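J.: quick one, fold the following:
(one chain, ligands or ions: 1)
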Amino acid sequence: MPGPIGTSPSRRWALVCTAMAASSRRRGVCPSEKPWSRCLSLHRMYVTLFTFTLLCLHWSRCSSDDDHEMEEFLKREFSLSKPYQGVGSLGSSHWELMGDAMITTEQVRLTSDMQSRQGAVWSRTPCDLKDWEMQVHFKIHGQGKKNLNGDGLAVWFTKDRMQKGPVFGNKDNFTGLGVFVDTYPNEEKHLEAQKKRYTPRTERIFPYVLAMVGNGSVSYDHERDGRPTELGGCTAMVRNLKHDTFLFIRYVSRRLTVMIDIEGQHEWRDCLDVPGVRLPLGYYFGASALTGDLTDIHDIISMKLYQITVLSKKSQDEEDEDEITIPSVDNFELLRVPESEERMSSVAIFFTVLFSMVGCVFLIVVGLLVYGHWSETRRKRFY
Ligand SMILES: [Ca+2]
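T.: As a prediction, this is how the structure comes out:
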């Protein structure tokens, strides 16, 4: 499988810079007829100019994409790999099984090739890492022919854990992130039954990988394969392959990137890339799968979680502005925090303060009137 890829672009760029600098030094050899001192100063000038250009180029590249400077570390407490020591049996294990999931020596089998199964494996520890990437080694296989298998598996980063449900074996109206490998085209079958067809623009070829963010009140539309809540996705022919298949989920500087490696070429292929994804800290990683009338074997071979350290200060500062409490996605209508509510709340605060002040003035006036009346009565009593 391809290794961690977070540092590669910047490292590639650094290599290019070094190579160009070396090449410039080679080109800086002076013609023999020039006086040596003049040649040296010319050489210095060229080197200075070239270095300056390189610095400018490097600066523009770094400032155009702050995510380039990264370091990554494998976090064992959030990773699941062979020999799955204690998983599903020991309370001390970092991972817990649910439903029909079971451990073998080679994999965590979420479902077997049987109807109406659902299984999951969940991390016990909430994850407080701000930037991370998860590499999932999985396998989906079974007897069912094309489009007669289902339903798929999901990788989760959610507020709740260990809850059964209809969304690939997890509860609906979940809070957090779900990345689904959907192997059955429910919507297409539904349209076929109505004698309708996809338009080429809206057609999605299954199996299909897609990402969804839920805020606890958004439902996954199973009949439409999650189309209304899809953040992005790609076709991924992952079933019954002889070679290994991988899913890569990166969440760095509020940018969600999903890539797949399913061709057996040890190369990541882009699937989706969405900026402005806001996920709170302290959620749980998990994976789940579901079979219905149609079946498949859904296996997780490993889940490796890398902590990403973004070295660019600018993006860190931008992120530290406020704490995220509810998952949301910028420019995604279904999940946007309603601005009207925010505006209403400030309007409400204004009126509360205003009415409090008016109330106070009213009370003071009434108090003064009562006091005036009382002292008048008292004065009259004396006369
Ligand atoms: Ca489906």
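J.: got the CA coordinates for stretch 131-150 in CSV?
T.: This file holds the C-alpha atoms of stretch 131-150, laid out as CSV (Å, rounded to 0.1, in the frame of the first residue of the first chain):
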residue,chain,number,x,y,z
ASP,A,131,-5.9,17.0,12.4
TRP,A,132,-5.7,13.4,11.4
GLU,A,133,-5.7,10.8,8.6
MET,A,134,-7.2,7.4,8.7
GLN,A,135,-6.1,4.6,6.3
VAL,A,136,-8.5,1.7,6.2
HIS,A,137,-7.6,-1.6,4.6
PHE,A,138,-10.8,-3.3,3.8
LYS,A,139,-12.3,-6.1,1.7
ILE,A,140,-15.8,-6.6,0.3
HIS,A,141,-16.5,-9.9,-1.3
GLY,A,142,-19.4,-12.4,-1.8
GLN,A,143,-21.3,-14.7,-4.0
GLY,A,144,-23.7,-12.0,-5.3
LYS,A,145,-23.4,-11.0,-8.9
LYS,A,146,-23.1,-7.3,-9.9
ASN,A,147,-25.9,-5.2,-8.3
LEU,A,148,-27.1,-8.3,-6.4
ASN,A,149,-25.1,-7.7,-3.3
GLY,A,150,-25.2,-5.2,-0.5
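J.: tell me which stretches of the stretch 201-350 of the chain form helices.
T.: Assigned by DSSP state H, counting those that start in this stretch, the stretch 201-350 of the chain shows helices spanning 313-319, 339-382.
J.: elements contacting the last one?
T.: Using 3 or more C-beta pairs under 8 Å, 6 or more residues apart in numbering; DSSP states H and E, no helix or strand is in contact with helix 339-382. C-beta: built from backbone N, CA, C; applies to glycine.
J.: now do that helix: distance to the chain's middle.
T.: 51 Å (C-alpha atoms, centre = their mean, to the nearest Å).
J.: give the rounded mean pLDDT of that helix.
T.: Taken as a whole, helix 339-382 has a mean pLDDT of 78.
J.: I figured A120 hits G165, correct?
T.: No: look at A120 against G165 with C-beta atoms under 8 Å: they stay out of range, at 9.8 Å.
J.: neighbour count for those two, which is higher?
T.: Comparing A120 with G165 by other C-beta atoms under 10 Å, the one with more neighbours is A120, at 30 against 17.
J.: tell me the bridge partners for that one.
T.: Going by DSSP bridges, A120 is paired in beta bridges with M98, S288.
J.: write out the residues of the stretch 51-200 of the chain neighbouring the ion.
T.: The stretch 51-200 of the chain comes close to the ion at residues 182, 184, 186, as judged by C-beta under 5 Å from the ion.
J.: run the last query once more with 8 Å
T.: 150-152, 182-187 (C-beta under 8 Å from the ion).
J.: please apply the same query to the stretch 201-350 of the chain.
T.: 206, 208, 222, 225-226.
J.: in the stretch 51-200 of the chain, which spans are strands?
T.: 70-74, 95-99, 102-103, 108-111, 118-123, 132-141, 152-158, 175-182 (DSSP state E, counting those that start in this stretch).
J.: could you export those strands to CSV, including columns for mean pLDDT?
T.: Output for these, formatted as CSV (pLDDT from 0 to 100):
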stretch, mean pLDDT
strand 70-74, 90
strand 95-99, 97
strand 102-103, 96
strand 108-111, 98
strand 118-123, 98
strand 132-141, 98
strand 152-158, 98
strand 175-182, 98
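J.: of those strands, which is nearest V370?
T.: Proximity to V370, assessed across the strands of the stretch 51-200 of the chain by C-beta to C-beta, is greatest for strand 175-182 (54.6 Å).
J.: quick one: low-confidence parts of the stretch 201-350 of the chain?
T.: The stretch 201-350 of the chain contains residues with pLDDT under 70 at 312-321, 336-347.
J.: where does it get nearest to the ion, residue-wise?
T.: For the stretch 201-350 of the chain and the ion, the shortest gap (C-beta to the ion) falls at D225, measuring 4.3 Å.
J.: can you get me a residue count around that residue?
T.: 25.
J.: okay, E376 and V366: tell me how far apart.
T.: 16 Å (C-beta to C-beta, to the nearest Å).
J.: can you check H141 too?
T.: H141 sits 81 Å away from V366, going by C-beta to C-beta.
J.: between those two, which is the more surrounded one?
T.: Shown here are H141 and V366; by other C-beta under 10 Å, H141 has more neighbours (17 against 10).
J.: the longest strand along the chain vs strand 132-141, what angle?
T.: When the chain is parsed with DSSP state E, its longest strand is strand 297-310. Orientation of strand 297-310 against strand 132-141 (axes from the mean of the first three to the mean of the last three C-alpha atoms, to 10 degrees) gives an angle of 170 degrees.
J.: run the chain-centre distance for strand 297-310.
T.: 13 Å.
J.: show me what that strand is packed against.
T.: So strand 297-310, by 3+ C-beta pairs under 8 Å, 6+ apart, packs with strand 70-74, strand 108-111, strand 132-141, strand 152-158, strand 245-252, strand 284-290.
J.: so which bits of stretch 185-202 are buried?
T.: Of the residues in stretch 185-202, 185-188 count as buried by neighbour count, 16 or more other C-beta atoms under 10 Å.
J.: how about the residues you listed, which pair is most distant?
T.: N186 and E188 (7.4 Å).
J.: skip the chain neighbours and tell me the closest residue to T229.
T.: M212 (4.7 Å; C-beta to C-beta, 6 or more residues apart in numbering).
J.: ok, the one you found - how many residues close by?
T.: Neighbours of M212 (other C-beta under 10 Å): 25.
J.: contact partners for it?
T.: By C-beta atoms under 8 Å, 6 or more residues apart in numbering, the residues touching M212 are 177-180, 220, 226, 229-231.
J.: can you do 6 Å?
T.: 178, 226, 229 (C-beta atoms under 6 Å, 6 or more residues apart in numbering).
J.: residue contacts, the first one?
T.: Going back to what we said before, that points to G178. 154, 156, 212.
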